[in-house]
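Undergrad: Next input, structure requested:
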Amino acid sequence: MHLFDLPYDVRHQIWTHVLPPGQIYIQATARGLRSITPEEKIPVELLRVCEALNAEVGAHLYGKLLNIVGRKQDCLVAYKAILETTRKYAREEVNVDAFSNGSHSATMCISIHAGQANRAYLQRRERGEPKAIEDLEEELRGSSKVTGGLSHSSETLETSQAPIESPAELVRRRSSRNSVRQE
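TA: Numbers count the residues shown, from 1 in each chain. Alright, predicted model coming up:
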């Protein structure tokens with residue numbers, strides 16, 4: 001018997017058990033992305049088994065509320081790749097909400113979510129000021145202040161764009177590092 005011989009409802013229960021519940025937190029840095037969802041492993045190896053499994057598990061994974069947190073310039077670069085991947089796999093319309101910790105702060109959160117179910121998480125959010133992505137990009141371009149020891153000028157925004165790892169690449173790299181440590 002093959003996995004895809006099982007009814008979809010049974011497979012859905014499997015994915016619900018295997019994937020992290022609720023929200024997924026991703027930290028954006030100048031060097032790339034990393035999952036910071038506490039004590040939850042994202043089983044990226046499932047996405048690499050075959051195209052059919054990638055599509056089905058990807059739809060569940062990218063249907064979750066994905067929160068990209070970090071410095072503003074890193075988040076504004078990183079969210080585009082995650083948004084593109086989420087749109088590829090999500091079964092519902094994908095929305096993006098940005099939350100600033102204020103113009104005085106160097107940090108922010110960009111939440112990417114599909115459908116109305118995840119909107120409830122965002123409505124309960126009690127931190128950060130909702131802002132348009134365009135306003136945050138303009139704030140970063142127009143700012144020449146030094147915040148937290150880091151320059152946020154338009155020059156920094158343009159030159160800090162390091163290659164972005166997909167969440168799958170990030171977890172694959174982390175898994176290979178963990179297997180080397182165990183040996």
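Undergrad: When you work out contacts or count neighbours from here on, use the C-alpha atoms and nothing else.
TA: Noted.
Undergrad: before we move on, which element is Gln27 in?
TA: strand 24-29 (DSSP states H and E).
Undergrad: other SSEs contacting that strand?
TA: If you count contacts as 3 or more Cα pairs under 8 Å, 6 or more residues apart in numbering; DSSP states H and E, strand 24-29 packs onto strand 32-35, strand 66-71, helix 72-89.
Undergrad: Check these for me: which has the lowest mean pLDDT.
TA: For the helices and strands packed on strand 24-29, the stretch scoring lowest in mean pLDDT is strand 32-35; its value is a mean of 84.
Undergrad: continuing past that strand, what's the next helix or strand?
TA: By DSSP H and E, the next helix or strand past strand 32-35 is helix 51-61.
Undergrad: and that following helix with helix 72-89, angle?
TA: With axes from the mean of the first three to the mean of the last three Cα atoms, to 10 degrees applied, the angle from helix 51-61 to helix 72-89 works out at 130 degrees.
Undergrad: follow-up on the earlier one: mind listing what the strand holding Gln27 pairs with, with the direction of each?
TA: Using DSSP bridges, the strands paired with strand 24-29 in its sheet are strand 32-35 (antiparallel), strand 66-71 (parallel).
Undergrad: Can you give the distance of the last one from its chain's centre?
TA: Same thing as strand 66-71. Strand 66-71 sits 7 Å away from the centroid of its parent chain (Cα atoms, centre = their mean, to the nearest Å).
Undergrad: List the contacts of it.
TA: The contact list for strand 66-71, computed with Cα atoms under 8 Å, 6 or more residues apart in numbering, reads 23-29, 75, 78-79, 106-113.
Undergrad: what number of residues lie near Leu76?
TA: 24 (other Cα atoms under 10 Å).
Undergrad: Leaving out the residues flanking it, which one is nearest to it?
TA: Glu137 (7.3 Å; Cα to Cα, 6 or more residues apart in numbering).
Undergrad: Ala106 versus Thr85, what's the distance?
TA: Here the distance between Thr85 and Ala106 works out to 26 Å (Cα to Cα, to the nearest Å).
Undergrad: When those two are compared, which one has more neighbours?
TA: Legend: neighbour count by other Cα under 10 Å for Thr85 and Ala106, higher for Ala106 (20 against 15).
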